[in-house]
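# need a 3D model of the following:
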Amino acid sequence: MGSWRDQILKEFIPQVARLTLVADPDGLLLEEGVLAEIRARGFELIPFEDQVACRYAYESRFRSRWDRGEDTDLVVVLRAGSPDLCSLPYDFLQIGRRLSFSLGEIFPHPSYPVLAALARHTFDALYEAQQRYAPGPLGENASKDFVLRHVFNIAAEAIATPVDLLRVLLRHHYRGGALPPLLADRLLQLLRQNPALAAWPLEAIVPDREAFFLFLQERWPRFLDRLTTAAVLKVQERPPAAPADPAELPFDHPEIRVYLDTFFLEGLLQPVDHPRAASQAPAWVRCGVRVDADADRRQRLAKLLQKLSPAIPEPKAPYTQWLQFARQWAELLYLHHSLPLVQDHEQESRLAGLQTQVDEAFCAWLSQRYAGLSSLPPLPPVMVHHLPRFLARQLEEQRHPKVALLVVDGLAWDQWLVVREELQQRQPPLVLREQAVFAWIPTLTSVSRQALFAGRPPFYFPQSIWTTAREPDLWRQFWLDQGLDQTQVLYLRGLGDGDLETLTEQLGQPRLQVAGLVLDKVDQIMHGMALGAAGMHNQVRQWVQQGYLANLIELLLAQGFGLFLTADHGNIEAQGCGRPSEGAVADLRGERVRVFSDEALRRRVHNQFPEARLWPPLGLPEDYLALMAPGRTAFVRPGERIVSHGGLTVEEVVVPLVQIGRRQE
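So this is what the prediction gives:
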């Protein structure tokens, strides 16, 4: 059957032209599989978004080396979002080979507005359906129905009962692929024609994953009440359902019940206190009933260990698989570190073995796929430097009158789960919409956090890559380029404790539209931590319980900000493998990474630590040469245990991105 990518890749033949210019109005070259294959054929892609940045990359990385007679990768200058190449620089047009691609050429049957609304990772399923069924030209509604059925496995005409609807939404939201608004509206239109679903809050639970799981969570205690034929037990404060909501859900239906254990296991639903259910309910219900907190966590941990081993993504897996796996991995680590210290040698051995498998698989994946991540479209954001453009889109589409980004320096995903647990106990509860992004490698603050605030890869700030001093300027410059002025942009760091009086005044400036705030308390805890990863969890919990973060969140929401929380990198517990006897040759002496400006010097230290990893300067200045400590070790005294960052583990590289809002929103 082939692939839709074949029509694009057949044009990229090495040695045909040194410079290729591509008009790509639909961003097809920025699909992960296309990008990876183009790079594998020896082509390097430069997006033409900013003429100055494009010229800088072209001249410094390629043109100057061509003039010296050196061989380099072939260059593709990509004009995404436009079918016209005429706006490219004249010297590009003089020597470049010209290509263009469009959705309509590859997918001639569905209507263009429907195609344009789809995420690129859905094109494989769409192409297969197009080849198999050859539907011919389709109108807009027919296109929507075709895509819903064959891409998202949702056949609206087959949803006749509440059980049908629940089954479809359980499967859809567990996969995590949101429906484009165009398709969600079409599905809602069809579902509203069914009288059996008239009482359901479809506008909330069909397009919104978090709203759907909150819907299930609220009705789970009511189901337990009915199941145990007891009077309603007011175990915890929960707002009553609106009169139009269905009061009870058929959790005991065989087609629904099969999902529950997985949802409670992975933390999508939380067990509740219910004494009668704990003693009287059937065994399948116990996964959602809190009996003995430690015993429940141990059971969940054992099940996750069993589940995750065969779920480790393959070396050529799409990046979305690793983002999803990272969340499950964080849930496992959170459970492990939240349990009392009890010697369970079998479980410790299983966890250590799984950890090794995950580390090896992730490193293998990074070596094949990481290089292309920075070139992927920033919507949805894939790497931390995409976040400013993501926030700019929030303002452009008027989703929020102003936006704030909280960067919790060094917060790993498993530690975010500690933060989340504490925040969810606030009343009224917050709505937390979670996704994940990749940090820059090496996972150092001066690299990854600076890229985050610059909105660009580290390659573009070689003079300041050793420090974070230019972060305020880079943040402001990004927003000035978006049309804001300096009075509308705020950058503050060194936050995390103390009072909020001064900050309240600064956030209340009438012209302010964008705030970038760095909370470095977790980073301070990390670098003073002597009790390992479990100690990190305890210290992070104590910090959140002190209330600074919750009060800051409340302040920002009260001021009308659209609020997002993320981290520049995570951290791990590492064991010392020895200090390199490098003298003064290393430009940066991190615990998990050493950085050199000379390849011969890096090789000299690598000879002392042959298992260490030579990391290429991907997206970095050419003289920023990193040597990664092997595995989960650090360049400190042998046997010494520390919590640090800089390396290549899932916990260091994949970080949370959380939209925070109030319940009524």
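# which residues of the stretch 1-150 of the chain fall in strands?
For the stretch 1-150 of the chain, applying DSSP state E, counting those that start in this stretch gives strands covering 19-24, 43-47, 74-80, 97-100.
# nearest to residue 315, of those?
Minimum separation from residue 315 across the strands of the stretch 1-150 of the chain (C-beta to C-beta) falls at strand 43-47, 20.8 Å. In this view, the C-beta of every residue, glycine as well, is placed from N, C-alpha and C.
# how far does that closest one sit from the chain's center?
On the basis of C-alpha atoms, centre = their mean, to the nearest Å, strand 43-47 sits 24 Å off its chain's mean C-alpha point.
# now residue 441, what's its secondary structure?
Of the three states, residue 441 takes coil according to DSSP: H, G, I helix; E, B strand; the rest coil.
# phi and psi next, for residue 272.
phi -120, psi 160 (degrees, to the nearest 10).
# next one: residue 403
According to degrees, to the nearest 10, residue 403 has phi -130, psi 150.
# contacting residues for it?
Neighbour list for residue 403: 391, 394-395, 513-515, 561-564 [criterion: C-beta atoms under 8 Å, 6 or more residues apart in numbering].
# residue 451: how many residues sit nearby?
When neighbours are counted by other C-beta atoms under 10 Å, residue 451 registers 28.
# pLDDT score assigned to it?
Per-residue pLDDT puts residue 451 at 97.
# and the nearest residue to it once chain neighbours are set aside, what's its pLDDT?
Using C-beta to C-beta, 6 or more residues apart in numbering and skipping residues adjacent in sequence, the residue nearest residue 451 is residue 385, 4.2 Å away. The model reports residue 385 with a pLDDT of 97.
# report the helix or strand with the lowest average pLDDT across this protein.
Using mean pLDDT, DSSP states H and E, strand 588-589 stands out as the lowest-scoring helix or strand of the chain, at a mean of 70.
# quick one: mean pLDDT for the helix or strand that it is followed by?
The helix or strand immediately downstream of strand 588-589 is strand 593-596, counting by DSSP states H and E. Over the span of strand 593-596, the pLDDT mean works out to 93.
# and strand 593-596, which strands flank it?
Each strand paired with strand 593-596, and its direction, by DSSP bridges: strand 588-589 (antiparallel), strand 625-628 (antiparallel).
# and the very next helix or strand once past that strand, which residues are buried?
Heading C-terminal from strand 593-596, the first helix or strand you meet, by DSSP H and E, is helix 599-608. Neighbour-count burial for helix 599-608 flags 601-602, 604-606 (criterion: 16 or more other C-beta atoms under 10 Å).
# one more: stretch 251-268?
Here stretch 251-268 shows 251, 256, 259-260, 263-268 as buried, counting by 16+ other C-beta under 10 Å.
# same question, stretch 283-302
285-289, 296-301.
# helices - which of the residues you listed land there?
296-301 (DSSP state H).
# as a markdown table, these with distance to residue 434 and pLDDT would be great.
What follows is those, written out as a markdown table (distance: C-beta to C-beta, whole Å; pLDDT from 0 to 100):
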| residue | distance to residue 434 | pLDDT |
| --- | --- | --- |
| 296 | 22 | 85 |
| 297 | 20 | 86 |
| 298 | 25 | 87 |
| 299 | 24 | 87 |
| 300 | 19 | 89 |
| 301 | 21 | 90 |
